[in-house]
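Undergrad: Below: sequence and its predicted model.
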Amino acid sequence: MGLFSSPPKVYKPAADVDLGPGSDELYISPNVKAPRVAGLLVKIFVWILEMPIVGQIVLYILKKDNLINKLVSDADIPEPPLFTATHGWEDVPEQSVRLTKPDLSAAERVQEAAGCLPPRLEATLAAGDAPPARRWTARDFSDAYRSGETTPAEVAERFLAAVEASPGMAFFISCDPADVARQAAESTERYRKGAALSALDGVLVAVKDEVDCAPYATTGGTRWLGGARPCAGDAACVAQLRACGAVLAGKANMHELGAGTSGINPHHGSTRNPYNTSKIAGGSSSGSAAVVCAGLCPIAIGVDGGGSVRMPAALCGVVGFKPTAGRLSNAGVLPLNWTVGMPGILAATVEDALIAYSAIVDQSQPSYLRPELNLPQLGSTLSIRNIKLAKYAKWFNDSAEDIRSCCDKALQTLQAHYGWQTVDVTIPEIEEMRLAHYVTIGSECTTSLAKYLDKLNRSEIGWDARVALSVYGSFSSRAYLNSQRLRNRQMYFHKQIFKTADVIVSPMTGVTAYTLQDDALKTGELDYINGAALVRYSIAGNFLGLPAITVNVGYDAAGLPIGLQFIGRPWSEATLLHIAFAMQEACAKGYKKPAVAYDLLRKEEVHASAFSSSQKETDGKG
């Protein structure tokens, strides 16, 4: 076994594991003991890791400390490997839905989704201000355009002024004012003629810089990848949004190569949390979450390979939605992780998540490969009955006290308002799944980038990303194969749980947004304790290809957002959106306005957010 190895785990057959509430299965909280490392210490650590022999020894010890050897690489696992988290056609029973025709265009699907939204209570800009914590939605913008209260061109002008006024927030990697203005002018002309393409016409949508969107390069948060891999055109999801008339607002900032959870980017600036600019926005879709939170765009596109849409959404108090693997096309998305990553949606509200989802869903596959597209009738949530929410208490409670109590209260609210039932279950091998996913996403990342990395000077990569790539590249074929065997086990466990429950519920993160330290701005940071806490609840959605959504349910003592997550059975997006909408409505009165927020429907001059000049100087570009 070697000097530093500990005895490997021997797994019993999956069918013999007790999934009931009284199960004696051991819950392992992430065994992370490494201190936070940033600044000069990160550089020293990189130098050590990249030394031919010493680096290999250090990596071996690190993996041992993280239990990868014991629980994954050297483990005795009876199941064969399962390499892709794809799901066959299933007849998913869902309540209060509208079945769409398979041959509808993206714009036609958006109009179908608009018909599923609850009725409006008032005009967009009726007398008085909007509720203090409310963000304008896609429907608000569309209504304002149709009524003539404002135009897409005017909104785009305010948007560009806001971006220009907030460089220290590092919202975007690239934003072409001329291109944004052109799109908005074309949309304005369509509204003038009464020929708007859809409810998304003229609505600003940001795109994570991991997704192709002309005329921009796709950098993946780097300085070099855009040149090495030219962008040939729009990704499939972006092309569908463009066909609906959406104004593509630019390429949102992200953690370099998606290799982190903080959103700290030494090349393009570290995206800051609009609720508190001294806090992280989360990653890797940091810019996408922050622009929605700040009111710059009601919708943004991210990519979710390990919670990278849902984590920052929770930390920034917005909706984060990852559909079933296969519901959205990966065409035009950087292939950083083939079997766990896919596009996802960040939105101001669940209604906006539905609108965006209807636009970008992939209907190109034959119906026998995936179920028809159901859209939830969100005006009829009270008609959704007998919903069962599976809760694994040990896992659910492995979070900060404020998160635990807030999420418990949210569940009680659902039960009180709708009579939905919480079912106690055991989800075995949570930490084992996290480690197996880590091996999988890391192995796939280094393999997909190999043709570039072999020719690249490592000095062009950020320091923390270099650490991640060194660790990723150390995983053996045995570790990867055993990870897929664990994936098989987890697929079995979750399918058994979904026989007794409609969704699995958990907090979205184990901690709220933590402080962004100055010493990490240029090097990134190695904060494995907070990193493990952030990803604690996100893995099943990616590793098993399950749909998942997070919605804001409150705030911690410092006023930072807390998200609750619902994980669904395959193809049950409509049910998830229904449940998330119900949760949103129950919590709406308690929502708080971010410290950095823009009102793009008002005609007042856009002012710079409160952001100190010293932060602007140290934290890159907007």
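TA: Sure thing, it's come through.
Undergrad: Near the residue lying closest to Asn31 once chain neighbours are set aside, how many residues? Count them for me, please.
TA: Once flanking residues are discounted, Asn31 sits nearest to Leu67: 5.5 Å by CB to CB, 6 or more residues apart in numbering. Where C-beta positions appear, they are placed from N, C-alpha and C, glycine not excepted. Here the count is done by other CB atoms under 10 Å, and Leu67 has 21 residues near it.
Undergrad: and Ile567, what are its phi and psi?
TA: Main-chain torsions, Ile567, degrees, to the nearest 10: phi -110, psi 130.
Undergrad: just checking, it touches Gly545?
TA: No: using CB atoms under 8 Å, Ile567 makes no contact with Gly545, being 11.1 Å away.
Undergrad: Give me the more crowded residue out of the two.
TA: Ile567 (27 against 23).
Undergrad: per-residue pLDDT, Gln56?
TA: pLDDT recorded at Gln56 is 85.
Undergrad: you'd agree it is in a helix?
TA: Yes: assessed by DSSP: H, G, I helix; E, B strand; the rest coil, Gln56 belongs to a helix.
Undergrad: Can you tell me how far the residue nearest to Asn31 is from Ala436?
TA: 11 Å (CB to CB, to the nearest Å).
Undergrad: likewise Arg370?
TA: Applying CB to CB to Arg370 and Ala436 gives a distance of 26 Å.
Undergrad: Okay, buried residues for stretch 508-522 please.
TA: 508-514, 516, 520-522 (16 or more other CB atoms under 10 Å).
Undergrad: tell me which of the residues you listed is nearest to Gly226?
TA: Comparing the buried residues of stretch 508-522 against Gly226 with CB to CB places Lys522 closest, at 20.8 Å.
Undergrad: For the closest residue to that closest one other than its chain neighbours, which residues are in contact?
TA: What sits nearest to Lys522 in space, not counting adjacent residues and going by CB to CB, 6+ apart, is Pro266, at 5.0 Å. Neighbouring residues of Pro266 by CB atoms under 8 Å, 6 or more residues apart in numbering: 256, 462-464, 521-524, 620.
Undergrad: three-state assignment of Pro266?
TA: Counting by three-state DSSP, the backbone at Pro266 sits in coil.
Undergrad: Need the phi and psi values for it.
TA: The phi/psi pair for Pro266 (degrees, to the nearest 10) reads phi -70, psi -10.
Undergrad: Show the pLDDT at it.
TA: Each residue has a pLDDT score; the one for Pro266 is 96.
Undergrad: can you check Ser614 too?
TA: 36.
Undergrad: same deal with the one 4 residues further on?
TA: With respect to pLDDT, Thr618 scores 42.
Undergrad: Please name the residues that touch Val203.
TA: Val203 is in contact with 138, 141-142, 245-247, 298-299, counting by CB under 8 Å, 6+ apart.
Undergrad: Mind doing that once more with 10 Å?
TA: Contact analysis of Val203 by CB atoms under 10 Å, 6 or more residues apart in numbering lists 136-142, 145, 152, 155, 187, 241, 244-247, 249, 297-299, 352, 355-356.
Undergrad: cool, Ile504 as well?
TA: Contacts were defined as CB under 10 Å, 6+ apart; by that measure Ile504 touches 389-392, 395-396, 423, 425, 427, 494, 497-498, 537, 540, 546, 548, 565-569.
Undergrad: for Lys499, same thing?
TA: For Lys499, the contact set (CB under 10 Å, 6+ apart) comprises 19, 569.
Undergrad: So which of the contacts of Val203 belong to strands?
TA: 247, 249, 299 (DSSP state E).
Undergrad: residue ranges with poor pLDDT in this protein?
TA: 1-6, 33, 63-66, 121-133, 381-382, 603-622 (pLDDT under 70).
Undergrad: Check it for its longest helix and report it.
TA: Criterion DSSP state H: the longest helix present in the chain is helix 430-453.
Undergrad: For that helix, buried residues please.
TA: 430-449.
Undergrad: which residues touch Ile579?
TA: Counted by CB under 10 Å, 6+ apart, Ile579 has contacts 350, 376, 381, 384, 387, 389, 414, 418, 420, 502-503, 505, 549, 551, 564, 566, 568, 572.
Undergrad: among those residues, which are in helices?
TA: 350, 414, 418.
Undergrad: Tell me how many other residues surround Gly22.
TA: When neighbours are counted by other CB under 10 Å, Gly22 registers 7.
Undergrad: From Ala113, how far out is it?
TA: Between Gly22 and Ala113 the distance is 43 Å, computed by CB to CB.
Undergrad: Next: Val425.
TA: Counting by CB to CB, the gap from Val425 to Ala113 is 32 Å.
Undergrad: Looking at these two, which one has more neighbours?
TA: Set Val425 next to Ala113 and count neighbours by other CB under 10 Å: Ala113 wins out with 27 against 22.
Undergrad: Assess the claim that that one and Asn374 are in contact.
TA: No: in this structure Ala113 lies outside contact range of Asn374 using CB atoms under 10 Å: 11.0 Å.
Undergrad: who are the neighbours in contact with Val467?
TA: 37, 42, 45-46, 48-50, 59, 62, 259-260, 461, 523-526.
Undergrad: Assumed Gly233 was part of a helix.
TA: No: membership of Gly233 in a helix is not supported by three-state DSSP, which gives coil.
Undergrad: Excluding chain neighbours, what is closest to it?
TA: Among residues not flanking Gly233 along the chain, Ala214 sits closest, at 5.6 Å (CB to CB, 6+ apart).
Undergrad: pretty sure Ala170 contacts Ala294?
TA: No: assessed by CB under 10 Å, Ala170 is found out of contact with Ala294, at 11.8 Å.
Undergrad: any common contacting residues for the two?
TA: Common neighbours of Ala170 and Ala294, counting by CB under 10 Å, 6+ apart, are 272, 281.
Undergrad: so Arg98 is in which element?
TA: Element membership for Arg98 (DSSP states H and E) is strand 97-99.
Undergrad: Neighbouring strands of that strand in the sheet, and parallel or not?
TA: As defined by DSSP bridges, the strand partners of strand 97-99 come to strand 374-376 (antiparallel).
Undergrad: re earlier: so which of the ones in helices among the contacts of Ile579 is surrounded by the most neighbours?
TA: Neighbour max across the ones in helices among the contacts of Ile579 (other CB under 10 Å) = Val350, 26 neighbours.
Undergrad: How about that residue: what's its closest non-neighbour residue?
TA: What sits nearest to Val350 in space, not counting adjacent residues and going by CB to CB, 6+ apart, is Phe581, at 4.3 Å.
Undergrad: residue contacts, the one you found?
TA: Taking CB under 10 Å, 6+ apart as the definition, contacts of Phe581 comprise 117-118, 319, 349-351, 353-354, 376, 378-379, 381, 384, 549, 551.
Undergrad: now those residues: which count as buried?
TA: For the contacts of Phe581, a neighbour count by 16+ other CB under 10 Å gives the buried set as 117, 319, 349-351, 353-354, 376, 378, 381, 384, 549, 551.
Undergrad: could you dump these to TSV with distance to Gly559?
TA: Formatted as TSV, those follow (distance: CB to CB, whole Å):
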residue	distance to Gly559
Leu117	30
Val319	19
Thr349	20
Val350	22
Glu351	25
Ala353	24
Leu354	28
Pro376	31
Leu378	29
Thr381	28
Ile384	32
Ile549	23
Val551	18
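Undergrad: Tell me where the stretch 351-500 of the chain has strands.
TA: Applying DSSP state E, counting those that start in this stretch to the stretch 351-500 of the chain gives strands spanning 374-376, 388-391, 421-424.
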